[in-house]
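In: everything below, folded, please.
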Amino acid sequence: MILGKPIEKSRYFPILVFVVVGLLSLLANEFLHESICLFMRVFGVPSPACGMTRAYMSLMQGDIRGAFQFHPLFWMPPLICLLAWFRRLSDRVVYICLFLLLSVWVIRFVTMFPHQIEPMVYNPHAVVPTILREIVRFLN
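Out: Numbers count the residues shown, from 1 in each chain. The predicted structure follows:
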């Protein structure tokens, strides 16, 4: 509960999530030079939000074009936070944002992934690819 309201109904919840995840991502990127993306570490392929941290880092350096290249929807989390703050975040807006995020993810896979363009790169050391390699090696 946040301020006496169930956490999922609180206007502070989306803001809290974005701030915590964003700060952890920035710190991991800055000090460890690694991503904290669990999706990438497990499946070996970029998540729908892959590149968002680097987009914000580019934006903080004044590189708007670079921010759009790393993730064209970098503007969406602050918009969601503003809508939540002013109590204008509806289910419809959330569904539209999810649709946009997944659509951009698919488009980026088709256009960028086969060419290994950052951030759409493959991690062969992830859990699932490693398990699949071991299974294939065992069967051969």
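In: what packs against the longest helix seen in the chain?
Out: Taking DSSP state H as the criterion, the chain has its longest helix at helix 91-111. Here helix 91-111 touches helix 76-85, going by 3 or more Cβ pairs under 8 Å, 6 or more residues apart in numbering; DSSP states H and E. For every residue, glycine as well, the C-beta is placed using N, CA and C.
In: same question for the helix it packs on, mean pLDDT?
Out: The average pLDDT within helix 76-85 is 87.
In: so which bits of stretch 90-109 are buried?
Out: For stretch 90-109, the neighbour count (16 or more other Cβ atoms under 10 Å) marks 97, 101, 104-105, 108 as buried.
In: that older thread, please save the CA atoms from the longest helix of the chain in CSV.
Out: Output in CSV follows, covering the C-alpha atoms of helix 91-111 (Å, rounded to 0.1, in the frame of the first residue of the first chain):
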residue,chain,number,x,y,z
ASP,A,91,-6.3,1.2,-19.3
ARG,A,92,-6.8,2.4,-22.9
VAL,A,93,-3.6,4.4,-22.8
VAL,A,94,-1.7,1.5,-21.2
TYR,A,95,-2.9,-0.8,-24.0
ILE,A,96,-1.9,1.7,-26.7
CYS,A,97,1.5,2.0,-25.2
LEU,A,98,1.9,-1.8,-25.0
PHE,A,99,0.8,-2.1,-28.6
LEU,A,100,3.3,0.6,-29.7
LEU,A,101,6.1,-1.1,-27.6
LEU,A,102,5.5,-4.5,-29.1
SER,A,103,5.1,-3.2,-32.7
VAL,A,104,8.3,-1.2,-32.5
TRP,A,105,10.0,-4.4,-31.0
VAL,A,106,8.9,-6.5,-34.0
ILE,A,107,9.9,-3.8,-36.5
ARG,A,108,13.3,-3.5,-34.9
PHE,A,109,13.8,-7.2,-35.0
VAL,A,110,13.0,-7.4,-38.7
THR,A,111,15.1,-4.4,-39.6
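In: nothing else from me, thank you.
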